[in-house]
Structure formats: structure tokens, C-alpha cells
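Student: Model the following, please.
(6 chains)
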There are 4 protein chains.
Amino acid sequence: MARPRNAAIDGKVLAAAAEELRRGGYEGLSVDRVAERAGVAKTTLYRRWASKAELVVALITTLREDVPFEPSDDPRRDLTELVTAIAANLAATPPSLVADLAAAAARDPRVGEAVRALWAGRHQAVTAVVAKAQEAGLVLDHVAPAVLVDQLAGPLYYRLLVTGEPLTPDYARTLIDSVLGPEEPR
Amino acid sequence: MARPRNAAIDGKVLAAAAEELRRGGYEGLSVDRVAERAGVAKTTLYRRWASKAELVVALITTLREDVPFEPSDDPRRDLTELVTAIAANLAATPPSLVADLAAAAARDPRVGEAVRALWAGRHQAVTAVVAKAQEAGLVLDHVAPAVLVDQLAGPLYYRLLVTGEPLTPDYARTLIDSVLGPEEPR
Amino acid sequence: MARPRNAAIDGKVLAAAAEELRRGGYEGLSVDRVAERAGVAKTTLYRRWASKAELVVALITTLREDVPFEPSDDPRRDLTELVTAIAANLAATPPSLVADLAAAAARDPRVGEAVRALWAGRHQAVTAVVAKAQEAGLVLDHVAPAVLVDQLAGPLYYRLLVTGEPLTPDYARTLIDSVLGPEEPR
Amino acid sequence: MARPRNAAIDGKVLAAAAEELRRGGYEGLSVDRVAERAGVAKTTLYRRWASKAELVVALITTLREDVPFEPSDDPRRDLTELVTAIAANLAATPPSLVADLAAAAARDPRVGEAVRALWAGRHQAVTAVVAKAQEAGLVLDHVAPAVLVDQLAGPLYYRLLVTGEPLTPDYARTLIDSVLGPEEPR
DNA sequence: TCGTAACCGAGACGGTACGTCGTGTCTTCTT
DNA sequence: AAGAAGACACGACGTACCGTCTCGGTTACGA
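Tutor: Numbers count the residues shown, from 1 in each chain, chains lettered A, B, ... in the order given. Predicted coordinates for the structure are as follows:
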């Protein structure tokens, strides 16, 4: 009955936003400029995303390429693969962006939900694998899997946001070694 | 040879800025308001700090209060004390402020330096104690102390900024248990 | 195609500006205050007038109220009426405002045009009456009417701006006597 | 008893002020810049002139070259000489400067006094000559000399500040013709 | 000759204004 | 209804200027 939304617009806007984000970070991204660059009216933009923050959340969500993960028989290998991927993904993101997202999340519950959902997707698989490793006796069972996940993922964000140290694949492996114990020679 | 700067002004402005920061985070801190609250002309403020960012840097630097810590004979107890204190400190800080600080740090290297120095002070003691625990054979020695510190401090920031879960003393203890192994009955 | 400008705003702003101008002259007119008094955002104001100067130009242009004047048969009486009116009008205006206007006019050609148009309206009628008086033989005809007008209007501004002497109706009559010769007893 | 003022400073400051005034007019003259250009501390400057306005007044006063005038036997020639000189002097001054001076005079009585004194000097001689002409029967004696002076000087300022028309020597002569009647062929 | 009072340079300070920018809401006309 | 265009409110930012102040250092004069 009503005019349907122009599906192409989402793409154009997100592309424009991505470019803006790339250049000036979250702070430097101006909604007016995004609209202009996308050749779209600001009204249209705000009809789809309620705020600058939500726009960026959507952008990030889009950027998240769902890596289909299928567990193998070797929990250590699975974990290594997962944590390394997360580290690589984070390393490729501008730190200020992650921080801005966190700040926006802390301020606005709606954004908070979106951002948490963004991370959650990435960390769920880790939890599953950790649980499996624990069942297989690879991990001391006096600790809840959730805590172990925190100790795998937390340090990544910690380095990115707090200490500023690099997130290398090596570092990811070190974290796993710390949790699972050193890899035993076969 | 010229009129000396009024030393009291720095204090007044920083105090005002601290209050503003506490309330609204970096984003919510308005230079005009800081000046007014401090009873100082904006001109004066800008003569000392070239921008809002620099003002916050100075503020953060000031905030770094070196908590004197003297280790006991019991590394586990020391660690518990330290990590619990950090957790309590973080829990008392508005999450958005921590995130804003991280974002500002990521954007401006000068801010970055100041903010990192702020955290560093708090985490140095932890590193020392972890090393001592390792020497005492309380920790598996296949992992560098620095990594263990990351796995103690990282989860705190992770919860605060990413998952939004609460930072309880219990959680702090759980982290330590995970790193040191469960406390053995004597 | 877009939202049209709110026509009422022009009026509100100009009224506010007029009040401000009346009180403190050009110098004392603050854009912030005008906006506030008009109940309008400064942005809106600046969208219409690019600067304080342009705003004042517009205001002056508006102020030019064409006083309808219909000449009688007696040029001397007409002239007396006109010059007295101008004198009264000037006497009622803060001298600094006239001077500020002149200064602004000298600085910005656009303002100049507007201000000149403002005065011109008032002086045109004088020129016409002087010409008529000359035709009627009341004035020596070796002088151009324009010069006589200058000698009627000029002294008013001269007193107001330069010597600071008062502009009384008596003075206006004295000027006319000087130009037309003393009134002859009938 | 105390250290005397450095006489050279006055000159340096006034020269700097003159240059500033030449470039940007009264508005564009910044006290800070004058001080810097003169190589003098602002304190020193303010010790001599209480405000920007007074400084400019002093500058203008300095600029006024006292044209020594000695009346001849021919009042018409004297008047022509005097009025032409005034016109030339005014024509050489930036109109905005004259207007700004008038505005400052209207606002601050102290400045007003100074500015009026500035003009007064120039116009006194005119009054004397006009009186002499009246005694000699060259002018209708039903008008006070002061009014005639207003009608000679007033139009000059009027043109400069209000209509913006040029102040030519010819115009000056026309004014005199209007007051004294056309020059009679000998 | 020596103290002291005023001068001078340097620049901090308060206060007030200016013009710009960004976000999110709104109004209107056009598809 | 969606979309384009852009007006609008609100509030922050950083800069400029003026006139006052507070220093330390210097210089003449008069006791």
C-alpha cells in the first residue's frame, strides 16, 4: 500500500559511513557528511538508524563476516583458530572505534544491547569449545568456562584499549597455552 | 619577569574538570562549564591547555595516585588484595568514562601516553607479585608473568566495557583461582 | 521542495536587533543577545545574515519608513516642517548610533548603500521643496538646490556628531532663515 | 624624584598606531598589535593613554598640522582658503575614522572633549573670518556667524559621513558662494 | 651616594563577543 | 508512506580583543 524502502540506500549509506569511519574514526564521522557522500537525505538516514551510534553499530555488524565455524575433534586447535581469528579481527579495527562503541554502549542501553550482541556472536563459539575441552579433561575443572573465556577474550581488549600493545597470533597462542597448559609433544 | 601564573588556578580548574568528567564523561565535559565552575575565564584555561583533550590529559595525569603497596609473604593474599582493589576502583568508575579515556587515548598519542601511565601505575605491583608467585612455584612457569597479568586485569576491563557484567570481589577471586589453582586447605 | 523558512523569524530577529541597537548602538549589539531575545537559535540567525554587519544592514533598510509628505503652497512653511521633523528625528536618536551607522557604512559598501538609502528618503522631499522655492524666487538662484539642502541638513548632523550642540526647532528655523532670508512681514 | 618617561616611546607608539589605523581603520586597530609593533609593553601604552579611543584621539591630534593662518584684507579669499583646507584635510582622512571618532565621542565624555577640541581648532578661524565679513557687509546680518560656520563646515561632514559624496575644492567654493553670494566681477 | 619612586617589559587574567560545527527534529514538496 | 531538501533548536568549540593586574628589573632624582 505504501511505497517500499529503497533497498539500495542501506548499502550506499553504509559504504559512505565506512569511508568516513576509516578517515576520521567515530568522532570524525559526521552524519551530514555521510548523507551527502551517500547522496541521500538526512531524513532517510535517520529513518533507518535512530542515531549516529546506531548507524555505526549497523556498519560494524555488517562488517562482521560470520565465519562459519565447525568444531573438529581437537579442542586446542579449535580454540587456537577461534581466538586467533578474534584477535585478527580486533587488530584490524581502529582501537578508537572499539572504545567509542563501548562508550556509546555504556551511555545508551539500546546501543549497549546491539554492541553486546556484536561481541557475543564472536565469543559464543569460544565458550562451547572451552566447555568441551573441560569435559575432555584438558582444563582444570575448578573454574567455570565463562571465566576462562573472559581470560581468553579479555586480554585482547585489554591490550587494544588499555595498554596499546599489538594483538599478534603469537599472543593469542600464548593465552591458550596459559589456559590449557603447554602443548604436549605427541 | 612577568606576572607569574596563579598556581591555584590549575587546581581549581582540574578539580572542576574532574567533577565534570565524573558526571558526564569526556563527551559531557564542556570547557565553558569547567571554566565557570572553576571561577576562571575561558581564556585563562586555554592559555594553559590548548584544547579540551589536553586538559583531560592533565587531569588524568593528576588523578594517578600511587597507592603504596607493600607485599607480604603470601603472594596469593597480595594478589587478591591487589586485584580486588583494582576491580573495586573500576567498578566505582563510570564505564563510559573508562571507554572515553580509551578512545581519547587511541586518537591522540599524547593522551594515550597519559592514560597508559595512569593504568600502568596500578598494574605494576600486580606484575611483581605474579613474578614472585611464579618463583615460589605457585604458578605454572611456562607462561610469562606479563601474560598472567593480562589474564587478571584484562577480564576486568572486558567485563566493564564489553559484556557489562558486574565486577564483584568474588569475580576477582575467581580470576586468581583460575591462575593460581584453587586454594589448598592447609 | 524543502521546508520553507519561517517568515515570522525575520521580523522577530529584526525587532530584537532594533531594540539592541537602540540601547547600545552598533558596538553594543550582540548577536547572541539578539538571538536570545528573538527566541531564535544563533544558527538560524546566521543562516539568514552572514554577519552582524549584514544583520544591521537589513535592520536599517527596514527602518526606513517613508514619511508621506504633501507640499502646500508655502515653500517656507513646508521647509520648516520638513527640517524641523528631521531635526526632531535626529535629536531623538542616540548620537552614537548615527555615528556607528556612518562608520559601518564607511567600512562595508553594502552597509553604506543601505544607510545612504535610509537618509536619502528623508532628504529627497527637502530637495524638491528647495527647488520649488527657488522657482518662486525665494532663494538666490546662483546656487544649486543640492547645495542648499546640504546647508540645511548638514548642520544638523554636524551639531549632532561633531560639536554636540542641541538640535532645537529654533535652530532648524534659523537655518532656514539663513537660506531663505528672514521671514518678511506680510 | 622619579624616573622620567621615555620621550621616544610616544613617537614609536603613535607611529605604530598610525600604521595600524591606515590598514584596518579604527575597528581594525588592535592595542596589542600596536604595542607589539612599537616594541613597547601594553602597560606602558596604557599608562599614557587610558584607552584605545584616547590613543587614537592623540594620534589624530598629532596629525593635525596647525596651519598657521594669517588673515588678509579679503575675507572671501580667507574663507576660501580656510574651508578648502578643511575639506582637503577631511577628504584625506578615512571616513570611518571620523565616524568612529564621533561615536567614541558620543559614548565617552572625555573622548568627546578631546575630539571636539580637535575640530574646534580648525573652525575657530572660520568663525573669526565670517564675523569680519559680516562687519564688512559681505553677508546678510540677520544670521549669527556661528550658524554660517555650521553651514560651511556642516556640509563637509555631511557629505563625508552621510551621503558619501566627494569633498572637492570646487564644492568648498560653492558653499562659500552660497553664503556670501556669487563673486562679483570687479 | 644611595634610597626610593616611577618607569618599563612581559605576560597572566577576567570578561565578552564572534562565527563555525555537529546532532537530531521538523516541515514541506515530490514520487 | 518513502525520499529529497533544508530549516531549526541547542549547545559546544576555539579565537580575538580590551583593559587591569602583578611581577621583576631599571633608571633618574633628591636627601
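
Student: which other residues reach stretch A:141-154?
Tutor: The contact list for stretch A:141-154 (Cβ atoms under 8 Å, 6 or more residues apart in numbering or on different chains) reads A:79, A:83, A:86, A:123, A:126-127, A:130-131, A:134, A:139, A:175-176, A:178-179, B:150-151, B:154-159, B:162, B:174-175, B:177-179, B:181-182. Just so you know, the C-beta spots here come from the backbone N, C-alpha and C atoms, and that holds for glycine as well.

Student: Which members of the residues you listed occur in helices, if any?
Tutor: By the criterion of DSSP state H, membership of these in helices covers A:79, A:83, A:86, A:123, A:126-127, A:130-131, A:134, A:175-176, A:178-179, B:150-151, B:154-157, B:174-175, B:177-179.

Student: List the residues that contact the residue most central in space within chain A.
Tutor: Centroid-nearest residue in chain A: residue A:119, 4.6 Å away (criterion: Cα atoms, centre = their mean). By Cβ under 8 Å, 6+ apart, the contact set of residue A:119 is B:162-163.

Student: for the host helix or strand of it, which positions count as buried?
Tutor: Per DSSP states H and E: residue A:119 is located in helix A:109-135. By 16 or more other Cβ atoms under 10 Å in any protein chain shown, the buried positions in helix A:109-135 come out as A:111-112, A:114-115, A:118-119, A:122-123, A:125-134.

Student: what do you get for stretch A:155-171?
Tutor: Neighbour counts over stretch A:155-171 (16+ other Cβ under 10 Å) mark A:155-164, A:167, A:171 as buried.

Student: now do stretch A:20-34
Tutor: Quick answer for stretch A:20-34 (16+ other Cβ under 10 Å): A:20-21, A:25-26, A:29, A:31, A:33-34.

Student: per-residue confidence for residue A:106?
Tutor: Model confidence at residue A:106, given as pLDDT, is 83.

Student: Now do the contacts for it.
Tutor: A:112, B:94-96, B:99, B:161, B:164.

Student: Report the rounded mean pLDDT for stretch A:18-36.
Tutor: 91.

Student: touching DNA strand E at all, it?
Tutor: Yes. Shown here: stretch A:18-36 in contact with DNA strand E (Cβ under 7 Å from any atom of the strand) through A:29-33.

Student: Widest-spaced pair of those?
Tutor: The most widely separated members of the residues of stretch A:18-36 next to DNA strand E, counting by Cβ to Cβ, are A:29 and A:32 (10.2 Å).

Student: Check the contact lists of these two and give me the overlap.
Tutor: With Cβ under 8 Å, 6+ apart as the test, residue A:29 and residue A:32 reach no residue in common.

Student: Okay, now the unreliable bits of chain A?
Tutor: Counting by pLDDT under 70, chain A has low-confidence residues at A:1-2, A:64-67, A:140, A:184-186.

Student: returning to what we had before: and which of the contacts of residue A:106 is nearest to residue A:40?
Tutor: Nearest to residue A:40 among these: residue A:112, at 27.1 Å, using Cβ to Cβ.

Student: Spatially, and excluding backbone neighbours, which residue is closest to the closest one.
Tutor: Closest residue to residue A:112 apart from its sequence neighbours, by Cβ to Cβ, 6 or more residues apart in numbering or on different chains: residue A:105 at 3.9 Å.

Student: in which helix or strand would I find that neighbour?
Tutor: Counting by DSSP H and E, the element that carries residue A:105 is helix A:95-107.

Student: near DNA strand E at all, that helix?
Tutor: No. Using Cβ under 7 Å from any atom of the strand, helix A:95-107 stays clear of DNA strand E, with a minimum separation of 9.3 Å.

Student: what about that helix and DNA strand F, touching?
Tutor: No. On the criterion Cβ under 7 Å from any atom of the strand, helix A:95-107 is out of touch with DNA strand F, staying 15.0 Å away.

Student: Around DNA strand E, pick out the residues from chain A.
Tutor: Neighbours of DNA strand E within chain A, by Cβ under 7 Å from any atom of the strand: A:3, A:29-33, A:42-43, A:46, A:50-53.

Student: at 10 Å instead, please
Tutor: A:2-3, A:20, A:24, A:26-35, A:41-47, A:49-56, A:104, A:108, A:111 (Cβ under 10 Å from any atom of the strand).

Student: Now, the residues you listed that are in helices?
Tutor: Residues of the residues of chain A next to DNA strand E located in helices (DSSP H): A:20, A:24, A:26-28, A:31-35, A:42-47, A:52-56, A:104, A:111.

Student: before we move on, the earlier item: pick out whichever of the buried residues of stretch A:155-171 sits closest to chain D.
Tutor: Nearest to chain D among the buried residues of stretch A:155-171 is residue A:164, at 42.2 Å by Cβ to the nearest Cβ.

Student: can you pull the contacts of residue A:100?
Tutor: If you count contacts by Cβ under 8 Å, 6+ apart, residue A:100 has them with A:25-27, A:56, B:99, B:103.

Student: Domains in chain A, by residue range?
Tutor: Per automatic domain parsing, the structural domains of chain A span A:7-62, A:66-180.

Student: Now look at the first one and say if it contacts chain C.
Tutor: Going back to what we said before, that points to domain A:7-62. No. Residues of domain A:7-62 are not located near chain C by Cβ under 8 Å from any Cβ of the partner chain, the shortest gap being 9.5 Å.

Student: and that domain, how far apart are its ends?
Tutor: Terminal residues of domain A:7-62 are spaced 15 Å apart (Cα to Cα, to the nearest Å).

Student: Please state the offset of it from the chain centre?
Tutor: What separates the centre of domain A:7-62 from the centre of its chain is 19 Å, taken as Cα atoms, centre = their mean, to the nearest Å.

Student: is it anywhere near DNA strand F?
Tutor: Yes. Contact between domain A:7-62 and DNA strand F, assessed by Cβ under 10 Å from any atom of the strand, occurs at A:7-10, A:12-13, A:32, A:35-36, A:38-48.

Student: count of neighbours near the closest residue to chain C within chain A?
Tutor: Closest residue of chain A to chain C, Cβ to the nearest Cβ: residue A:41 (9.5 Å). Other residues lying near residue A:41 total 13 when counted by other Cβ atoms under 10 Å in any protein chain shown.

Student: Could you double-check that it sits in contact with residue A:32?
Tutor: No. Applying Cβ atoms under 8 Å as the test, residue A:41 and residue A:32 come out as separate, 10.7 Å apart.

Student: who's in contact with residue A:112?
Tutor: By Cβ under 8 Å, 6+ apart, the residues touching residue A:112 are A:104-106, B:164.

Student: same thing with residue A:104?
Tutor: Applying Cβ under 8 Å, 6+ apart to residue A:104 gives the contacts A:53, A:56-57, A:111-112, A:115.

Student: For those residues, which two are the farthest from each other?
Tutor: Largest separation among the contacts of residue A:104 by Cβ to Cβ: A:56 and A:112, giving 13.5 Å.
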